[in-house]
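below is the structure, and that's it, no one-letter string:
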């Protein structure tokens, strides 16, 4: 069999047509293969590439004068090491040497200045992102001496959180306005039905300045103004005394039908969802939820209640005391222990300050966290809410509209010790935000119990439209 003739390209490739040469044979001898010795092949390969670089020339010189013994190789390595140290020391000396000719004065970096300004702007925006939510401003009572004394007293109770809960606040506002209507005497040149609207406006603004009105109170005021407008449109005009009595009767009727009787019907509908052995979790305090628990105990249901509470109002304490006095087993914990409490809970009952048009619930802050945690554990979340709290408003977060509470109520932790954040106003980068409400999305709400039945939360716009169309609310 003839030996193949290797071409130049085949010789250049170490893997084609060449036998394998061991490491020992390469360094301890000068073996030859087709085309010449290894040194000849390397020399020819370097000349064919035409490389004029210093690295190629050094490689050729090394291959031309390659050490063959261990002592020679060690001497060559030592020489290369010394040369490398000289090159490094020379480079360091040239770098550290002072060069006055190349020294330039510092120049302001426009990019860095721009980034600093942008950071300051972002910090300002973070501080002002909730500036549209203003703290209640206590107006000067000396400048409002013309207001009804009942309104002044109510504003003081609201500002001190002596009256809490949407139902309690709505009833207090309506009863106060009923007293204002009863005592109001219009001027001689004006009728009662036309002057009463103008007379109530400063009272409403005064209450609004003392504490931000909840959505349910706004619905009540909107309904009251509509009743007044309907009286103005009556022909022939209604006498002053008749108009006064009509408004008072309408207010009493609203409180009786839309709040008092509604709570009775909600309790009647909600107890069907409570079974013997249930462990029901609730958050803060809701008057209608309290009524549901008392009604369930009255008809003989055996159940237990877990009250979840949060600072600074700690409304759940009053609910827990009331339930224990009526013989209902209760457990009390703060919202930080929500997941521990949900291990034994079977249902969640909560109240709501308003049901929005997209089915979300506007309630005491912390309600959304409880609903989300319960949904995570696949526990049904049931809201108890009167239909007068259904509003024609859509809100997907808690920042667009909310109520700011007093920040000092979060700072104060004990009456006997100095709070840790007592000097928080002197801290430049610290601010305290005390929001009162949050929004629970509809996907975390299983059902809403109302006086007209148990409905899905997505039916809220239908309920609002029907009541506005037929009942005039």
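Nice, I can see it. All of these numbers come straight from a predicted model, not from anything done at the bench. Residues are numbered from 1 along each chain as shown.

and the closest residue to residue 299 other than its chain neighbours, what does it touch?
Nearest-residue entry for residue 299: residue 271, 6.4 Å, with adjacent residues in sequence omitted and distances by C-beta to C-beta, 6 or more residues apart in numbering. (Glycine included, C-beta is placed from N, CA and C.) Shown in contact with residue 271 (C-beta atoms under 8 Å, 6 or more residues apart in numbering): 292, 295, 296, 299, 301.

out of the residues you listed, who's the most crowded?
Neighbour tally across those (other C-beta atoms under 10 Å): the maximum, 27 neighbours, falls on residue 292.

skipping its backbone neighbours, what lies nearest that residue in space?
residue 270 (4.4 Å).

Three-state assignment for that neighbour, please.
helix (DSSP: H, G, I helix; E, B strand; the rest coil).

okay, it: pLDDT?
Residue 270 carries a pLDDT value of 95.

roughly how far does it sit from residue 153?
34 Å (C-beta to C-beta, to the nearest Å).

higher neighbour count, these two?
residue 270 (24 against 12).

now the longest helix along the chain: mean pLDDT?
In terms of residue count, the longest helix belonging to the chain (DSSP state H) is helix 70-96. Per-residue pLDDT values across helix 70-96 average out to 77.

residue 334 against residue 312, yeah?
No: Residue 334 is beyond contact range of residue 312, at 11.9 Å (criterion: C-beta atoms under 8 Å).

starting at the chain centroid, how far to the longest helix of the chain?
Relative to the centre of its chain, helix 70-96 is centred 63 Å away, using C-alpha atoms, centre = their mean, to the nearest Å.

so residue 312 touches residue 405, yeah?
Yes: with contacts defined as C-beta under 8 Å, residue 312 counts as touching residue 405 at a distance of 7.2 Å.

overlap in contacts, the two.
Counting by C-beta under 8 Å, 6+ apart, the residues touching both residue 312 and residue 405 are residue 434.

on the three-state scheme, residue 348 is what?
Under three-state DSSP, the three-state class of residue 348 is strand.

what's near enough to touch it?
Neighbouring residues of residue 348 by C-beta under 8 Å, 6+ apart: 280, 281, 282, 283, 370, 371, 374, 379, 380, 381, 382.

which strand residues bridge it?
Beta-bridge pairing of residue 348 under DSSP bridges involves residue 281, residue 381.

let me know the pLDDT of it.
96.

and the gap between the residue nearest to residue 299 and residue 302?
According to C-beta to C-beta, residue 271 and residue 302 sit 13 Å apart.

and the host helix or strand of residue 266, what does it pack onto?
Residue 266 belongs to helix 261-270 when assigned by DSSP states H and E. Secondary-structure packing of helix 261-270 (3 or more C-beta pairs under 8 Å, 6 or more residues apart in numbering; DSSP states H and E): helix 287-298, strand 381-384, strand 447-450.

work out the gap between that helix and the centre of the chain.
Taking mean C-alpha positions (C-alpha atoms, centre = their mean), helix 261-270 and its chain are 33 Å apart.

stretch 238-247 too?
The gap between where stretch 238-247 is centred and where its chain is centred comes out at 49 Å by C-alpha atoms, centre = their mean.

picking that back up, quick one: the contacts of residue 348 as a markdown table, columns for pLDDT, distance to residue 219 and neighbour count too.
Putting these into a markdown table (pLDDT from 0 to 100; distance: C-beta to C-beta, whole Å; neighbours: other C-beta atoms under 10 Å) gives the following:
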| residue | pLDDT | distance to residue 219 | neighbour count |
| --- | --- | --- | --- |
| 280 | 97 | 28 | 22 |
| 281 | 96 | 28 | 26 |
| 282 | 96 | 24 | 28 |
| 283 | 94 | 23 | 29 |
| 370 | 96 | 25 | 26 |
| 371 | 96 | 23 | 25 |
| 374 | 96 | 28 | 24 |
| 379 | 96 | 30 | 17 |
| 380 | 96 | 27 | 14 |
| 381 | 96 | 24 | 24 |
| 382 | 96 | 22 | 20 |
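
and of those, the nearest to residue 321?
Comparing the contacts of residue 348 against residue 321 with C-beta to C-beta picks out residue 282 as the nearest, at 14.0 Å.

ok, that closest one to residue 289 distance?
6 Å.

need the residues touching each of these two.
Shared contacts of residue 282 and residue 289, defined by C-beta under 8 Å, 6+ apart, are found at 319, 349, 350.

sort out which residues of the helix or strand residue 176 falls within are buried, please.
Using DSSP H and E, residue 176 sits in helix 166-183. Neighbour counts over helix 166-183 (16 or more other C-beta atoms under 10 Å) mark 166-167, 169-174, 176-181 as buried.

do me a favour and average the pLDDT over that helix.
The average pLDDT within helix 166-183 is 93.

what's it in contact with?
Helix 166-183 is contacted by residues 148, 150-151, 154, 157-158, 163, 196, 199-200, 203, 207, 214, 216-217, 220-221, 224, 244, 247-248, 251-252, 254-255, 259, 263, 287-288, 351, 353-354, 386, 388-389 when judged by C-beta under 8 Å, 6+ apart.

pull out the buried members of these.
For the contacts of helix 166-183, buried by 16+ other C-beta under 10 Å: 148, 150-151, 154, 158, 196, 199-200, 203, 207, 214, 216-217, 220-221, 224, 244, 247, 251, 254-255, 259, 263, 287-288, 351, 353-354, 386, 388-389.

now, these that are in helices?
Per DSSP H, the subset of the buried ones among the contacts of helix 166-183 in helices is 150-151, 154, 158, 196, 199-200, 203, 207, 216-217, 220-221, 224, 244, 247, 251, 254, 263, 287-288.

measure how buried the residue lying closest to residue 433 once chain neighbours are set aside is and give me the count.
Leaving aside its chain neighbours, residue 433 sits nearest to residue 130 (6.6 Å; criterion: C-beta to C-beta, 6+ apart). Applying other C-beta under 10 Å, we find 14 residues neighbouring residue 130.

and for residue 464?
22.

how much space between it and residue 204?
Counting by C-beta to C-beta, the gap from residue 464 to residue 204 is 22 Å.

and for residue 360?
Taking C-beta to C-beta, one finds residue 360 at 26 Å from residue 204.

more neighbours: which of those two?
Higher neighbour count among residue 360 and residue 204: residue 360, with 26 against 18, using other C-beta under 10 Å.

residues in contact with that one?
If you count contacts by C-beta under 8 Å, 6+ apart, residue 360 has them with 395, 396, 439, 440, 441, 442, 457.

and residue 211, how many residues sit next to it?
22.

was I right about it contacting residue 159?
Yes: taking contacts as C-beta under 8 Å, residue 211 lies within contact range of residue 159: 5.7 Å.

tell me what the helix or strand in which residue 322 is found is packed against?
Taking DSSP H and E as the definition, residue 322 sits inside helix 316-325. Judged by 3+ C-beta pairs under 8 Å, 6+ apart, helix 316-325 is in contact with strand 278-283, helix 287-298, strand 303-309, strand 329-334.

relative to residue 209, how far out is the closest residue to residue 450 other than its chain neighbours?
The shortest distance from residue 450 to any non-neighbouring residue, by C-beta to C-beta, 6+ apart, is to residue 387 (5.2 Å). Separation of residue 387 from residue 209 (C-beta to C-beta) stands at 29 Å.
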